[in-house]
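**Q** sequence and predicted model, in that order:
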Amino acid sequence: MKLFLHRKDLRVDDLAAFNYLLSSSEPSLHMLILDPFLLRHSRHEAHSGKQFLQYVRRLMNLYKQYGKTIYVVYGEPEVVLEQVLHNAPIDEVIVHRDFTPYAKTRDRKLREVARARGVSFTEFVDHTLADLADFQISSGKSGPYKVYTPFYKKLNTYLQTFYRPSSPLHLGDLSTVDLAQLEGSQRLLELIQSWVPPFSLEDYMPAENPIESLDDFLTDHLPFYAARRDYYAYDGTSSLSAAINAGAISIRKVYEAVMEQEHSAAWVRQLVWRDFYLYQSIYDENFFGYEKTFDFTNLSDRHFEAWRKAETGVPIIDAAMTELNETGRMPNRLRMITAMFLTKNLLCPFTLGEQYFRYKLSDYDNTLNRGGWLWCASLGFDASPYFRIMNPVTQSITYDPSGQYLRRWLPQMAGLSDKQIHQPQAHAIVDLKQSRAAAIEVYKHILKSKPTVELGGSEDG
Ligand SMILES: Cc1cc2nc3c(=O)[nH]c(=O)nc-3n(C[C@H](O)[C@H](O)[C@H](O)COP(=O)(O)OP(=O)(O)OC[C@H]3O[C@@H](n4cnc5c(N)ncnc54)[C@H](O)[C@@H]3O)c2cc1C
């Protein structure tokens with residue numbers, strides 16, 4: 001009997017592990033372990049945790065619809081695995097891989113638990129559009145791609161030849177184990193019933209089917225995406241990121257659906273940014289450690305609270321942070337503007353903003369969030385050049401000329417004219433010009449503190 005552990009793959013179709021399970025023609029026990037470490041600090045109450053749990057509820061419903069069984073438990077993964085292997089006749093554990101430092105450590109422990117019991121541990125990479133290891137080999141490059149455009153071009157060429165299409169197989173084709181029907185599983189069933197989370201899963205509404213959002217986006221917005229994606233008052237992007245990150249929709253199905261359409265290029269270019277950050281998390285050994293390799297002593301948390309609470313006095317920043325705090329959403333351009341404002345104008349370490357987004361973003365993903373923050377803080381591959389700092393007022397005038405977005409999230413300012421509404425208020429916590437000049441000096445020093453860093457890069461975020 002096999003054991004399949006769901007993680008960031010909360011769907012029932014087009015999964016590498018399912019193809020493998022089917023080829024083995026053995027029954028499989030399916031589980032999802034809610035990890036106390038990942039849910040620490042009451043994350044189940046934060047936008048990011050809630051969104052994930054809504055996808056968990058959806059997954060549970062899908063299993064029910066197919067008449068299959070999934071066990072959702074709460075506990076330290078290696079402790080749960082040890083007990084499951086002790087109490088059930090399992091010969092192989094199957095998972096999809098993730099490349100964050102925590103995931104790598106967790107999976108090393110799981111592998112050790114399995115090995116100690118003589119059980120195989122099989123991992124598949126399933127969350128990227130391209131097979132990045134194969135892509136890297138086929139590129140013939142000795143080192144990784146460090147600049148986005150060549151990466152994007154090469155990846156497009158690679159996909160034309162080596163694309164692995166989505167699989168028609170789904171949960172209904174598998175034979176899942178119902179422990180209640182399996183002799184000798186009483187002890188395991190009792191344990192499962194004791195591994196309950198400190199909150200009720202029933203409190204989370206099952207998330208909607210992301211295929212519907214994809215269809216709506218392709219029909220109504222894709223043709224205008226390139227022209228409108230940055231005009232954040234207008235809801236013209238797909239809002240698929242949370243579903244993609246939770247694995248609630250297959251990245252291959254998303255790609256195949258969009259490639260059937262005209263005007264797909266601009267959107268696919270954004271989708272490939274996702275692979276570029278996931279690629280960096282594998283091929284840039286510093287990706288999760290830049291804060292340890294640069295000298296950040298000239299940065300401080302002095303203005304962090306004002307930024308977090310939407311009290312900076314710079315309307316575009318306060319409006320975007322209000323939307324984030326209230327809904328868990330923030331359009332991409334506003335993420336770039338608020339992150340750059342925090343790291344540059346407010347000279348705050350990027351890690352504080354990164355941590356804050358971790359709780360607040362509904363679509364939080366450790367790798368993509370870090371990638372976005374590194375870009376804004378001029379660190380990492382192809383980051384924003386340290387001397388090119390976005391002016392929040394100019395950005396606001398350009399992308400929301402009539403102040404529609406500002407009026408939506410800062411109703412107290414609704415009476416101001418279209419011209420006045422973008423300007424910093426009297427109580428603004430920094431002067432934009434002075435803080436920009438100071439940031440350029442400080443970041444010049446920070447980047448010099450690591451002599452090997454390459455200054456410069458593209459502005460594409
Ligand atoms: C500071 C900062 C933090 C970020 N944190 C996250 C995060 O935690 N999770 C997350 O999913 N994205 C993050 N992003 C990237 C981007 O903002 C979101 O992916 C995008 O806003 C999601 O909206 P959408 O699904 O409507 O995207 P669309 O515009 O419809 O794009 C389609 C898909 O392409 C991918 N994508 C689009 N833009 C980017 C990008 N710049 N980088 C990587 N992938 C991209 C996403 O999977 C997205 O769903 C961050 C960006 C910045 C600047």
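**A** Nice, thanks for sending it over. Numbering: from 1, shown residues only.

**Q** how about the residues of the chain by the ligand?
**A** Contact residues, the chain versus the ligand (CB under 6 Å from any ligand atom): 229, 237-241, 244-245, 267, 270-271, 273-274, 277, 331-332, 335-336, 339, 357, 361, 363-365, 368-369, 372-373, 376, 461. For every residue, glycine as well, the C-beta is placed using N, CA and C.

**Q** how does it look with 5 Å?
**A** Along the chain, the residues adjacent to the ligand under the rule CB under 5 Å from any ligand atom are 237-241, 244, 270-271, 273-274, 332, 335-336, 339, 361, 363-365, 368-369, 372-373, 461.

**Q** from the residues you listed, which land in helices?
**A** Secondary structure assignment by DSSP state H places 241, 244, 270-271, 273-274, 332, 335-336, 339, 368-369, 372-373 of the residues of the chain next to the ligand in helices.

**Q** which residues touch V84?
**A** V84 makes contact with 3, 29, 31, 90, 188, according to CB atoms under 8 Å, 6 or more residues apart in numbering.

**Q** which SSE is the third one in?
**A** Which is M31. In this assignment (DSSP states H and E), M31 forms part of strand 28-34.

**Q** please apply the same query to the first one.
**A** L3 is part of strand 2-6, with elements assigned from DSSP H and E.

**Q** ok, N369 - how many residues close by?
**A** Residues lying near N369 (other CB atoms under 10 Å) number 22.

**Q** my error: substitute P101 in the last question.
**A** For P101, using other CB under 10 Å, the count is 12.

**Q** state the distance from it to the ligand.
**A** For P101, the distance to the ligand equals 16 Å [CB to the nearest ligand atom, to the nearest Å].

**Q** same question for D400.
**A** 16 Å.

**Q** same question, F37
**A** From F37 to the ligand the distance is 18 Å (CB to the nearest ligand atom).

**Q** which SS class is that residue?
**A** Following DSSP: H, G, I helix; E, B strand; the rest coil, the label given to F37 is coil.

**Q** quick one: residues contacting it.
**A** By CB under 8 Å, 6+ apart, the residues touching F37 are 76, 102.

**Q** need phi/psi at it.
**A** Note on F37: backbone dihedrals following degrees, to the nearest 10 are phi -70, psi -40.

**Q** ok, F121 next?
**A** Torsion angles, degrees, to the nearest 10, at F121: phi -130, psi 110.

**Q** got it, and I94?
**A** The phi/psi pair for I94 (degrees, to the nearest 10) reads phi -130, psi 130.

**Q** now do A16
**A** According to degrees, to the nearest 10, A16 has phi -60, psi -40.

**Q** distance of the spatially closest residue to it that is not a sequence neighbour from the ligand?
**A** Leaving out its chain neighbours, the residue that sits closest to A16 by CB to CB, 6 or more residues apart in numbering is F124, at 3.8 Å. F124 sits 20 Å away from the ligand, going by CB to the nearest ligand atom.

**Q** E323 contacts M330, correct?
**A** Yes - assessed by CB atoms under 8 Å, E323 is found in contact with M330 at 5.9 Å.

**Q** ok, these two, which is more surrounded?
**A** M330 (24 against 19).

**Q** what about that one, which SS state?
**A** coil.

**Q** tell me the contacts of it?
**A** 320, 323-324, 338, 361.

**Q** of those residues, which is the nearest to the ligand?
**A** For the contacts of M330, the residue nearest the ligand by CB to the nearest ligand atom is L361; the value is 4.9 Å.

**Q** and the pLDDT for the closest one?
**A** pLDDT for L361: 98.

**Q** show the average pLDDT along stretch 391-409.
**A** Average pLDDT, stretch 391-409: 98.

**Q** quick one: end-to-end length of that stretch, please.
**A** 20 Å (CA to CA, to the nearest Å).

**Q** got it, and stretch 131-147?
**A** End-to-end span of stretch 131-147 (CA to CA): 19 Å.

**Q** what residues sit buried inside that stretch?
**A** For stretch 131-147, a neighbour-count test (16 or more other CB atoms under 10 Å) marks 131-132, 135-136, 139, 144-145 as buried.

**Q** and stretch 5-21, by the same measure?
**A** Going by neighbour count (16+ other CB under 10 Å), the buried part of stretch 5-21 is 5-18, 20-21.

**Q** any idea how far that stretch is from the chain center?
**A** Centre-to-centre, stretch 5-21 and its host chain are 18 Å apart (CA atoms, centre = their mean, to the nearest Å).
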